[in-house]
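Participant: Generate coordinates for the sequence data below:
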Amino acid sequence: MSRFAASLVTAGAALLGAALPLQAQRGPSATASGLRPVVLDSALLSGYRWRNLGPDRGGRSIAVTGVRGRPQEAYFGAVGGGLWKTTDGGETWAPVTDGQITSASVGAVGVSESNPDVVYIGTGECEIRGNIMPGDGIYKSCEAGKTWVHLGLRQTQQIPNVAVDPRNPNVVFVAALGHPYGPNPERGIFRSTDGGTTWEPFSTLHDDPQFREWMGTVQDGTPDGPKLHSIIVEPRAGKHLYIGMSGGGVHETTDGGRSWKTLIQGMDVVEGFGFDPAKPTFHDPHCMRICATNPDRLYQQNHCGIYRLDRPSDTWLRIGRSMPKTVGDIGFPLVLHPRNDEVAWVFPMDGTQVWPRTSPGGKPAAYVTRNAGKTWQRLDAGLPKSQGWWTVKRQCMAADACDSLALYLGNSQGELWIGRDEGRRWSCIARHLPEIYAVETAALS
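Facilitator: Predicted coordinates for the structure are as follows:
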């Protein structure tokens, strides 16, 4: 089985025409400058056509997904170029939303596992930066991307996540950031049970008296305030969800959102500022995953460590304490083994007081645990031994599902790396890309 690892990054292409052998004809009189007007032969020009001379990649993409049961298909959303699709394992890509959606910025893609013809996209990029493009809500295709219909939530503006119930394509959840620089009501989690015809907010979460506190003061709106980045649907029960907010902690519902409870017990907060660990406001999960073979086990990469949760317990165990002290257990991405709930990989970032968010000492390395966090092993063979001042973001590390699986990561320097043999042997497979925001994999037969 071959591997298809797509670091999906887009840019505007330069459309350049060929040099034209223009014919100049002298008019009856010269201009005041002495130059004579040029008359173009329209018959000659009609034979020329614009063509794309590249670049064939660039810009940013933070939305990417494969399609279960269709190993050759995948989608990626560009933050300024709509949704693109491949049906040949990434050899070629084609835009599928041109002329059908009114926002060019795609922030999330969700494909139904039970009916892969059903595709949802959330518009508006969520990686807040100096310039961002807002969206205008949710779109849906029932023909694998051929046609699209707008489903509302127009004022959500930035949507980082769309989650489709794996058993029912009509049940879909949307994480909405809302207006990036001010308050608005279409913010938080929304659910539809009729394929997007109607939406309802999870009012118990929105109306929680602590909600304003989690979001900070009015001055603390995004980009400096909290961000809802993770929605996990428990695969055995569609009404059981987990959410993670970067500032706001982890929350759980078992009744489809009618009620919520916090899951922050055992999680640490930043020391030295008087933060109360009992308040969700001060908890900052960066990435949260559920084990495919054991949905009772979750892992979390947090601003304050690496954690594991084994249900029915409500207490997170900080398994990152067994990481080397010189490296620490702070970072962004987290990858789980698709067939073994004891195995997980992380990519630590510098956790000093300044917290520069780069590889400790400029020496990038992945770490793996094969015993659910009791011990960790450094995996750096082939990675730079110095001057590797990388940032690897929360969606920028993935694994394939092969028998001898490989890891893939993208970094802030525009490089895509593969870690063969479960990360034991690293090599760079693409350079000179823009900063990479997301990496996903799909297996090809």
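
Participant: Not counting its neighbours along the chain, what's nearest residue 194?
Facilitator: residue 170 (5.8 Å; C-beta to C-beta, 6 or more residues apart in numbering). Glycine gets a C-beta too; all of them are placed from N, C-alpha and C.

Participant: which SS class is the one you found?
Facilitator: Reducing the assignment at residue 170 to three states with DSSP: H, G, I helix; E, B strand; the rest coil gives coil.

Participant: Next: residue 334.
Facilitator: Per three-state DSSP, residue 334 ends up strand.

Participant: Please report the number of neighbouring residues for it.
Facilitator: Applying other C-beta atoms under 10 Å, we find 22 residues neighbouring residue 334.

Participant: what about it, distance to residue 395?
Facilitator: Residue 334 sits 10 Å away from residue 395, taking C-beta to C-beta, to the nearest Å as the criterion.

Participant: And the pLDDT at residue 414?
Facilitator: pLDDT, residue 414: 91.

Participant: swap that for residue 25, sorry
Facilitator: Predicted confidence (pLDDT) for residue 25: 36.

Participant: what do you get for residue 190?
Facilitator: What the model reports as pLDDT for residue 190 is 90.

Participant: ok, now residue 316?
Facilitator: Per-residue pLDDT puts residue 316 at 98.

Participant: Verify the stated contact: it with residue 262.
Facilitator: No. Between residue 316 and residue 262 there is no contact under C-beta atoms under 8 Å: 11.4 Å.

Participant: Those two: which is more packed in?
Facilitator: More crowded of residue 316 and residue 262, by other C-beta under 10 Å: residue 316, with 25 against 19.

Participant: Return the residues in contact with residue 107.
Facilitator: Residues in contact with residue 107, defined by C-beta atoms under 8 Å, 6 or more residues apart in numbering, are 62-63, 77, 79, 122-126, 135, 158-160.

Participant: residue boundaries of the helices in the protein?
Facilitator: With DSSP state H as the criterion, the chain has helices at 42-45, 203-206, 211-215, 420-423.

Participant: Check the offset of the last one from the chain's centre.
Facilitator: Which is helix 420-423. 23 Å (C-alpha atoms, centre = their mean, to the nearest Å).

Participant: With only the CA atoms kept, save that helix in CSV.
Facilitator: Extracted in CSV, the C-alpha atoms of helix 420-423 (Å, rounded to 0.1, in the frame of the first residue of the first chain):
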residue,chain,number,x,y,z
ARG,A,420,9.1,6.4,8.3
ASP,A,421,8.9,3.3,10.5
GLU,A,422,6.7,5.1,13.1
GLY,A,423,8.9,8.1,13.2
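
Participant: Now residue 153: closest residue in space that isn't a chain neighbour?
Facilitator: Distance criterion C-beta to C-beta, 6+ apart; nearest residue to residue 153, sequence neighbours excluded, is residue 137 at 4.0 Å.

Participant: which residues does that neighbour contact?
Facilitator: Residue 137 is in contact with 122-123, 150-156, 159, counting by C-beta under 8 Å, 6+ apart.

Participant: in the chain, which helix or strand is least confident?
Facilitator: In the chain, no helix or strand scores lower on mean pLDDT, DSSP states H and E than strand 15-16, which sits at a mean of 26.
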